[in-house]
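A.B. asks: sequence and predicted structure below; questions after.
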Amino acid sequence: MTTAQKSGTAEAVEAVEVLRGALTAAGIVLPSLGADTASPDLNLIELGRVRADVALRLADALRQGCA
């Protein structure tokens with residue numbers, strides 16, 4: 001693994017933790033939230049699958065934040 005990949009992975013993991021904290025504050029849990037380790041140089045975050053009610057709560061929280 002290259003230094004760039006380690007850096008990317010660390011950045012993705014940090015982003016996951018920040019996002020998890022914000023979602024938790026909004027009362028939203030995404031059980032599959034995590035860094036995508038299959039492509040560390042792309043810094044992708046895996047949001048995973050969620051129930052429809054959780055997706056609606058997430059949409060509502062985003063709307064409130066944009067208002």
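C.D. replies: It's in.
A.B. asks: which parts of the longest helix along the chain are buried?
C.D. replies: Counting residues, the longest helix found in the chain (DSSP state H) is helix 3-25. Along helix 3-25, these residues count as buried under the neighbour rule (16 or more other Cβ atoms under 10 Å): 8-9, 12-13, 16, 23. To be clear about C-beta, it is placed using only N, CA and C from the backbone, and glycine gets the same treatment.
A.B. asks: mind putting those residues in TSV, distance to residue 64 included?
C.D. replies: Rendered in TSV, the data for these read as follows (distance: Cβ to Cβ, whole Å):
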residue	distance to residue 64
8	31
9	32
12	26
13	27
16	22
23	13
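A.B. asks: centre-most residue in the protein?
C.D. replies: To find the centre residue of the chain, average its C-alpha atoms and take the closest one (Cα atoms, centre = their mean): that gives residue 16, at 4.5 Å.
A.B. asks: what stretches of this structure score poorly on pLDDT?
C.D. replies: Scanning the chain for pLDDT under 70 picks out the ranges 1-8.
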